[in-house]
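In: give me a 3D structure for the following:
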Amino acid sequence: MTWAWGAIKGVFYRPRAVLREWRAHDPEPVALLTRFTIPVIVLSVVASAMAHDVLPSGFPPETRPQLVPFSIYSGLTQLVGVLALAAAAHYLCDLFQGRSDFRRALAAVSVAMVPAWVGNVLAALPWPYGASLALGGILYSLVLLYAAFVVILGMRPGNRVGHYAASLGAALLVVFAFGWQAVSLIPGAAPEVRLGTTWLI
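Out: As a prediction, this is how the structure comes out:
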């Protein structure tokens with residue numbers, strides 16, 4: 001899986017070539033999860049936690065969750081999100097006249113989420129740079145996900161937007177449901193004081 005790690009840089013300057021490489025390699029789900037997806041999530045979470053611990057956030061201490069519990073919560077939520085999105089994309093292929101293939105769906109999601117995972121680390125930078133870079137990473141991941149569904153999963157014209165929107169919607173429901181439960185069950189994952197009414201992560 002050494003070829004897969006090139007995607008961390010490649011998605012930013014040669015995304016089309018990276019997607020074609022992933023389609024050609026067609027990695028096994030277990031190998032992909034254990035040797036790329038999960039390690040990258042862990043690296044993103046750990047690097048983000050270390051950066052937030054070192055760089056001043058400008059927020060009072062009571063508005064920040066405990067480092068280790070929140071890192072566990074964040075990593076689990078991101079992994080559930082990847083699996084939920086891959087499963088949704090896989091099962092909805094039949095509905096949108098595509099070819100159901102979980103391994104290709106998982107590959108598409110894994111490579112598309114790389115910019116968001118990088119943005120998760122950059123979010124620790126001072127306002128507004130960190131927030132802007134993190135948002136940019138998320139938006140780029142959403143664009144890359146659409147392209148990955150086309151290139152890797154092989155969605156046909158006319159059904160791409162519907163499949164993309166339905167997959168995202170289904171995955172978001174799972175992530176929100178899991179996230180709200182997990183943040184309550186993991187002690188210290190939530191801060192003492194939550195800022196705003198839409199606080200989740």
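In: report all helices and strands that whatever helix or strand F176 lives in contacts.
Out: Element membership for F176, per DSSP states H and E: helix 160-185. Applying 3 or more C-beta pairs under 8 Å, 6 or more residues apart in numbering; DSSP states H and E, one finds that helix 160-185 contacts helix 67-92, helix 129-151. Yep, even glycine has a C-beta here, placed from its N, CA and C like the rest.
In: got these as CSV, with distance to R20, mean pLDDT and mean neighbour count columns?
Out: What follows is the helices and strands packed on helix 160-185, written out as CSV (distance: least, C-beta to C-beta, whole Å; pLDDT from 0 to 100; neighbours: other C-beta atoms under 10 Å):
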stretch, distance to R20, mean pLDDT, mean neighbour count
helix 67-92, 18, 95, 20
helix 129-151, 6, 96, 18
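In: of all those, which one is nearest V183?
Out: Among the helices and strands packed on helix 160-185, the nearest to V183 by C-beta to C-beta is helix 67-92 (5.8 Å).
In: what's that closest one packed up against?
Out: The contact analysis (3+ C-beta pairs under 8 Å, 6+ apart) places helix 67-92 against helix 38-54, helix 102-112, helix 160-185.
In: could you list the low-pLDDT ranges of this structure?
Out: The chain contains residues with pLDDT under 70 at 56-65, 190-201.
In: and the residue nearest the centre of it?
Out: When C-alpha atoms, centre = their mean is applied to the chain, the residue found nearest the centroid is M113 (4.3 Å).
In: list the buried residues for stretch 158-174?
Out: Buried residues in stretch 158-174, counting neighbours by 16 or more other C-beta atoms under 10 Å, are found at R160, H163, Y164, A166, S167, L168, A170, A171, V174.
In: what's next to that stretch, contact-wise?
Out: Residues from elsewhere that reach stretch 158-174 (C-beta atoms under 8 Å, 6 or more residues apart in numbering): 80-81, 84-85, 88-89, 92-93, 95-98, 142, 145-146, 149-150, 155.
In: rerun that using 6 Å as the cut-off
Out: Stretch 158-174 has contacts (C-beta atoms under 6 Å, 6 or more residues apart in numbering) with A84, L85, A88, A89, L92, F96, Q97, Y146, F149, M155.
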